[in-house]
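Provide a 3D model corresponding to the input given below.
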Amino acid sequence: MTTDVRETAGQDWLDNMRSRLTAELEARRSELAGLDADTSDPAEAHNQVALIANLQQSIQQINEALLRIEEGTYGTCEKCGNAIPRERLEILPYARLCVPCQQRHGR
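Numbering: from 1, shown residues only. Purely as a prediction, here's the structure:
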């Protein structure tokens, strides 16, 4: 059974999710600050560039999720407008789409 986060997620749950996302954001920023793509080994440089890009994408997704919490749209699918199940948000807190839309749009 899925739970509609928009109907049942009290302020405590949203505050907890905000705290969780903020902590993850800070961890990703710290990890990113410690990386340097400038290395003499081309393979290592390629790996570093890929890791940096991945961290930057994660930071953007987390920032967008925090913004949706502030705007009151967190937990609403950006494609169909239906609720994203709370269970999905627990696993992927920056999810923008419900599972059916995610599958249809192949992202």
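
lowest-confidence helix or strand of this structure?
helix 5-8 (a mean of 55; mean pLDDT, DSSP states H and E).

Who are the packing partners of the helix or strand just after that one?
Downstream of helix 5-8, the first helix or strand assigned by DSSP states H and E is helix 11-33. When contacts are defined as 3 or more Cβ pairs under 8 Å, 6 or more residues apart in numbering; DSSP states H and E, helix 11-33 sits against helix 42-71. C-betas here are computed from N, CA, C, even on glycine.

now the helix it packs on, how far from the centre of its chain.
Helix 42-71 sits 9 Å away from the centroid of its parent chain (Cα atoms, centre = their mean, to the nearest Å).

hmm, what's the outermost residue in this protein?
Most distant from the centre of the chain: residue 40, at 32.7 Å, with distances by Cα atoms, centre = their mean.

Pretty sure that one sits in a helix.
No. Judged by DSSP: H, G, I helix; E, B strand; the rest coil, residue 40 forms no part of a helix; its state is coil.

Could you check how far it is from residue 48?
With distances taken as Cβ to Cβ, to the nearest Å, residue 40 is found 12 Å from residue 48.

cool, residue 103 as well?
The gap separating residue 103 from residue 48 is 33 Å, by Cβ to Cβ.

The most centrally placed residue in the chain: what's it in contact with?
In the chain, the residue lying closest to the centroid (Cα atoms, centre = their mean) is residue 94, at 2.9 Å. For residue 94, the contacting residues are 21, 61-62, 64-65, by Cβ atoms under 8 Å, 6 or more residues apart in numbering.
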